[in-house]
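>>> What would the 3D arrangement of this be:
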Amino acid sequence: FLGNITHYARDGVTGLKAAVSNPSRFGQSNKVALFQLASLFWNNADYSAHAEDVWHDSFNYLEEGVEDVHSQVEFMLTEMCGDAGKRIHTGRSRNDQVMVDIKLFSRSALIALQQSVEALFLTLMQKAEEWKDVLMPGYTHQQVAMPSSFGMWLGAYAEALADDMLMLQAAYKIVNTNPLGSGAGYGSSGPLNRTMTTRLLGFEDLAYNSIYAQMQRGKTERTVLTAIAAVAATIGRLAQDVCLYSCANFGFVKLPDAFTTGSSIMPHKKNPDIFELTRAKCNRLQALPMEVTLISTNLPAGYFRDMQLTKEIYVPAFKEIDDIVRMVKAGIGQMWINRDILSNDIYKYLFTVEDVNDAVANGVPFRDAYREVGMRVQNGTYEHDGRELHHTHEGSIGNLCLEGIAAKFARHKFDYSVAVEAEQKLME
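I've put the predicted structure just below:
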């Protein structure tokens, strides 16, 4: 629990600063007190020091008898300015406070994740360009199929991440709506200005209906975890490829020593432990959306304490996926590749389709060309002449369309500038 205090305290302070900017019409005494608090937020040096601690991740305690971070912030304000601090909860509920915290935390974490994924994407694209002419076998059914290249292989995972960005974009859009003012799920008799707090916090829109604002608990976490799971699925599959291709039976790639471990009994071993653990962690991350689903799936409208259990699933997932992305980026960036794989005679059947297509280009019907090449394979007389390949269509080994993949990634990113600027302005 204490590990999450800083996240929620920081986001709680951000939400609180927006709230005190909205004194509404709760009577003159409340209005004066809330203006006093607003002045305190922006002008009091002691409070500013506390706010800086929270903002820079050094707020990690609760006073004795204080229930949570929101009560702690209220306690600090009451200590500094007396009864005015006791009025800060006017028109608010812990329910909408927590929901705002979840939204602000999620928004910040998704921004960081987009940046990490983009860094991995750029590494994959750089290596795809660098190795685009280095051939390797392509497989279907785990059987030798057709010629591929290291550029085509890594470009495939780069484009997969580009599509995963659509999932992150959708998650960000669901996160980026304002529940503040929904109270415990039924609003308030006070005429709050929820549009203003939406603008101050940099949210794209309101979560308009107060009941639905609270129903976003569970849905928000599930949606974000589904996006994280999509990224994990892509990286987990890449990790499996690296584990397979690095084994001696393939010998396509070698990982740097820092990414491997030895054996306590076999001195020749270099095990791809980092990528094996990556594969396992990615599989575990893909289970998390269902965990949240099973917590929230049979709940009626309204808030229930069941939702508290989602945090222990949700919050650690961001560090896990960030660690994975950074490790894979480093591993791929330092990986050695075998540039002479296809000289091995076991890969000669990669080129049967080339021979069929050459015959077709010379006027032989496809079925006849297919049968003739197939008979040579069957009777053991097939040989490939080693000629150069000429694949030119979009997405083939001779035309990887890396520029198109880069443009797709750029289109699928979400713009977070409004949110960041709003938070920075609020905390100035």
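
>>> And stretch 155-174, what's buried?
Of the residues in stretch 155-174, those buried under the neighbour-count criterion (16 or more other Cβ atoms under 10 Å) are 155-162, 164-172, 174. Every C-beta, even on glycine, is put in place using the N, C-alpha and C of the backbone.

>>> Please read the previous query as pertaining to stretch 286-302.
Counting neighbours by 16+ other Cβ under 10 Å, stretch 286-302 gives 286, 288, 289, 291, 292, 295, 296 as buried.

>>> swap in stretch 248-259?
252, 253, 254, 255, 259.

>>> hmm, who's touching it?
For stretch 248-259, the external contacting residues (Cβ atoms under 8 Å, 6 or more residues apart in numbering) are 136, 242, 244-246, 270, 272-275, 330-331, 334-338, 341.

>>> Would you list the buried entries among those residues?
Of those, these count as buried by 16+ other Cβ under 10 Å: 136, 242, 244-246, 270, 272, 274-275, 330-331, 335, 337-338, 341.

>>> Just name the closest of these to residue 426, please.
Ranked by distance to residue 426 (Cβ to Cβ), those are led by residue 330 at 35.6 Å.

>>> The stretch 301-428 of the chain: helices as residue ranges?
If you assign secondary structure with DSSP state H, counting those that start in this stretch, the helices in the stretch 301-428 of the chain sit at 310-334, 352-361, 366-378, 402-412, 417-427.

>>> now the stretch 151-300 of the chain
Taking DSSP H, counting those that start in this stretch to define them, one finds helices in the stretch 151-300 of the chain at 194-200, 210-246, 273-296.

>>> buried ones in the second one?
Think helix 210-246. The neighbour-count check on helix 210-246 (16+ other Cβ under 10 Å) flags 210, 213-218, 220-236, 238-239, 241-246 as buried.

>>> still on that earlier bit, looking at the buried residues of stretch 248-259, which are in strands?
Residues from the buried residues of stretch 248-259 lying in strands, with DSSP state E as the criterion: 253, 254.

>>> Could you export the buried residues of stretch 248-259 to a markdown table, including columns for distance to residue 280?
Supplementary listing: the buried residues of stretch 248-259 in a markdown table, determined by distance: Cβ to Cβ, whole Å:
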| residue | distance to residue 280 |
| --- | --- |
| 252 | 22 |
| 253 | 20 |
| 254 | 22 |
| 255 | 17 |
| 259 | 15 |
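
>>> Please tabulate the buried residues of stretch 248-259 in CSV and include distance to residue 366 and pLDDT as additional columns.
CSV is the format used below for the buried residues of stretch 248-259 (distance: Cβ to Cβ, whole Å; pLDDT from 0 to 100):
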residue, distance to residue 366, pLDDT
252, 32, 97
253, 35, 98
254, 40, 97
255, 42, 96
259, 45, 92
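
>>> pull the helix or strand with minimum mean pLDDT from this structure.
Taking all helices and strands of the chain together, the one with the lowest average confidence (mean pLDDT, DSSP states H and E) is helix 28-43, at a mean of 47.

>>> hmm, back to that, figure out which of the helices of the stretch 151-300 of the chain is closest to residue 186.
With respect to residue 186, and counting by Cβ to Cβ, the nearest of these is helix 210-246 at 5.6 Å.

>>> What sits closest to residue 412 if chain neighbours are left out?
Closest residue in space to residue 412, ignoring its immediate chain neighbours: residue 165 at 3.7 Å, by Cβ to Cβ, 6 or more residues apart in numbering.

>>> The one you found against residue 406, yeah?
No. The pair residue 165 and residue 406 fails to qualify as a contact (Cβ atoms under 8 Å) at a distance of 11.9 Å.

>>> related to what we said a few turns ago, of all the helices of the stretch 151-300 of the chain, which one is nearest residue 389?
Across the helices of the stretch 151-300 of the chain, the minimum distance to residue 389, taken as Cβ to Cβ, is reached by helix 210-246, at 20.7 Å.

>>> how many degrees apart are that closest one and helix 273-296 in direction?
Using axes from the mean of the first three to the mean of the last three Cα atoms, to 10 degrees, the direction of helix 210-246 lies 160 degrees away from that of helix 273-296.

>>> Could you pull up the mean pLDDT of helix 210-246?
The average of the pLDDT scores along helix 210-246 is 96.

>>> quick one: that helix to helix 310-334, angle?
30 degrees.

>>> For helix 210-246, which helices and strands make contact with it?
Counting contacts by 3 or more Cβ pairs under 8 Å, 6 or more residues apart in numbering; DSSP states H and E, the secondary-structure elements packed against helix 210-246 are helix 94-130, helix 150-175, strand 253-254, helix 273-296, helix 310-334.
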